[in-house]
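**Q** here is the input, now give the coordinates:
(one chain, ligands or ions: 1)
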Amino acid sequence: MTVLELSGLSWSVGAVTIVEKVDLAVDEGEFVAVIGPNGAGKTSLFNLLSGVTRPTGGTIRLDGADITGLPPHRRARRGMGRTFQSSSVFPTMTVSQHVALAARAAGVKKVADDGEGVRSVLERVRLGHRGDDLAAGLSHGDKRKLELAMLLAPTLDQGGGGPRLMLLDEPMAGVAAEEVDELTDVIRTLHRTEGRTVLMVEHHMDILLGLADRVAVMHHGTLLAVGTPDAVMADPTVQEAYVGEEL
Ligand SMILES: Nc1ncnc2c1ncn2[C@@H]1O[C@H](COP(=O)(O)OP(=O)(O)OP(=O)(O)O)[C@@H](O)[C@H]1O
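**A** Residues are numbered from 1 along each chain as shown. Okay, here's the model as predicted:
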């Protein structure tokens, strides 16, 4: 079943077209990676998907319903959650307090910082042992895990299942090489074991092998190619787009 469907999705600022006529259908439980050279329009596409910016053309459908004009919080209520490219944790708050705050901000009542709900969410992202620590002391990899926990938190009162569709904007950015495997594992679990649909912006193809079902390549705002990681890597037009950059 198609969860997310983009048709002719476009975004221009003045005379500059930044996202141009993107067509993409994502099935339930699928993992689609969005890659592309710097400035290709990946984050702009995510901003359109999450409702941070309004498209100047085209439509976005979630579970068949047109959500093109809905603000971010209404999309969140329909099961869409998003992380941002830059890390957004507060250094002077503890890890548990972050999760509780994210839950309260989404309207979950009676959330205890040290409660069972918060603990179980932290365990799912492998931060169960860090609940009382200040976020300032976390490594980049652990900060990214905390952001994932905060994405799950708004559904704490319904078992903490989290959004059915997760949009992850470069979750590996700034993460040390030795932490990448574990973070990849956490994301894989959220996807496979929990049956969640994931869209993820990622620069490094090697991370996506074994994680993504399909890879969508953006270039100059358009979708250049969509296919399995192997097919996309072997595509001469993709290789050409990446000249001078590592695929
Ligand atoms: N609000 C805006 N106004 C004008 N131009 C913008 C705006 N937002 C983004 N752009 C431009 O649109 C293009 C795409 O930017 P975007 O951040 O979406 O690319 P990206 O693929 O995510 O890049 P990176 O890999 O470097 O994060 C860039 O040339 C950027 O300068």
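
**Q** only C-alpha atoms for contact and neighbour calcs from this point on.
**A** Will do.

**Q** count of neighbours near His220?
**A** Counted by other Cα atoms under 10 Å, the residues lying close to His220 total 18.

**Q** and it, what does it touch?
**A** Residues in contact with His220 (Cα atoms under 8 Å, 6 or more residues apart in numbering) are Ile18, Val19, Gly39, Ala40, Gly41.

**Q** can you select the buried ones from these in ChimeraX?
**A** Selection of buried members from the contacts of His220 for ChimeraX, criterion 16 or more other Cα atoms under 10 Å:
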select :18,19,40,41
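
**Q** give me the subset of the contacts of His220 touching the ligand.
**A** For the ligand, the contacts drawn from those by Cα under 6 Å from any ligand atom are Ile18, Gly39, Ala40, Gly41.

**Q** pLDDT-wise, what's the bottom of the contacts of His220?
**A** pLDDT across the contacts of His220 is at its lowest for Gly39, which sits at 90.

**Q** what strand or helix carries that residue?
**A** Per DSSP states H and E: Gly39 is located in neither a helix nor a strand.

**Q** any idea how far the residue nearest to the spatial centre of the chain lies from Val108?
**A** Nearest to the mean C-alpha position of the chain, counting by Cα atoms, centre = their mean, stands Leu168 at 1.4 Å. In this view, Leu168 and Val108 are 23 Å apart by Cα to Cα, to the nearest Å.

**Q** before we move on, what about Arg196?
**A** Distance, Arg196 to Val108, by Cα to Cα: 22 Å.

**Q** for Leu211, same thing?
**A** Distance from Leu211 to Val108, by Cα to Cα: 32 Å.

**Q** one more: Gln158?
**A** In this view, Gln158 and Val108 are 9 Å apart by Cα to Cα.

**Q** do Arg130 as well
**A** Arg130 is 22 Å from Val108, by Cα to Cα.

**Q** what parts of the protein come near the ligand?
**A** Counting by Cα under 6 Å from any ligand atom, the chain sits next to the ligand at Val13, Ile18, Pro37, Asn38, Gly39, Ala40, Gly41, Lys42, Thr43, Ser44.

**Q** and if we set it to 5 Å?
**A** Applying Cα under 5 Å from any ligand atom, we find that the chain lies next to the ligand at Ile18, Asn38, Gly39, Ala40, Gly41, Lys42, Thr43, Ser44.

**Q** could I get these as a markdown table with distance to Lys145?
**A** Below are the residues of the chain next to the ligand laid out as a markdown table (distance: Cα to Cα, whole Å):
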| residue | distance to Lys145 |
| --- | --- |
| Ile18 | 30 |
| Asn38 | 24 |
| Gly39 | 26 |
| Ala40 | 26 |
| Gly41 | 25 |
| Lys42 | 22 |
| Thr43 | 20 |
| Ser44 | 23 |
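
**Q** what's the closest non-adjacent residue to Ala212?
**A** Distances taken as Cα to Cα, 6 or more residues apart in numbering place Phe31 nearest to Ala212, at 5.0 Å, with adjacent residues excluded.

**Q** phi and psi next, for the one you found.
**A** Phe31 has phi and psi values of phi -120, psi 110 when expressed as degrees, to the nearest 10.

**Q** so what pairs up with it in the strands?
**A** Judged by DSSP bridges, the bridge partners of Phe31 are Val198.

**Q** with Ile60 instead?
**A** According to DSSP bridges, the partner residues bridging Ile60 are Leu6.

**Q** now the helix or strand harbouring Leu224: mean pLDDT?
**A** According to DSSP H and E, Leu224 maps onto strand 222-227. The average pLDDT within strand 222-227 is 95.
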